[in-house]
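> Provided below for reference: sequence and predicted model.
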Amino acid sequence: MKIATVRDFKAHAARYLHSREDVYVTRHGKPIAVVSPVPEKAFNRL
C-alpha cells in the first residue's frame, strides 16, 4: 500500500500504476480515493 497526495498522484500516475500496488490518494491529509490494480485474469474475460 502506498499513500500519495492528489498533486503527487497526478504528477506521477504512471509510476504509481506501474507498481501494481494499492495507492491511497489523500487531500489535506484525508483519504479520498483508493486506486487498485486489476487482476490479470480480468483481461482474459474481456
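Sure, I can see it. Numbers count the residues shown, from 1 in each chain.
> pretty sure Val35 is in contact with Arg20, am I right?
No. At 10.7 Å, Val35 does not count as touching Arg20 under the criterion of C-beta atoms under 8 Å. For every residue, glycine as well, the C-beta is placed using N, CA and C.
> higher neighbour count, the two?
Neighbours around Val35 and Arg20, counted as other C-beta atoms under 10 Å, are more numerous at Val35. The numbers are 15 against 11.
> name whatever forms a beta bridge with that one.
Val35 forms beta bridges with Val23, as assigned by DSSP bridges.
> quick one: residues contacting Leu17.
Contact analysis of Leu17 by C-beta atoms under 8 Å, 6 or more residues apart in numbering lists Val35, Pro37.
> same question, the one 10 residues further on
By C-beta under 8 Å, 6+ apart, Arg27 lies in contact with Thr5, Val6.
> appreciated, that's everything.
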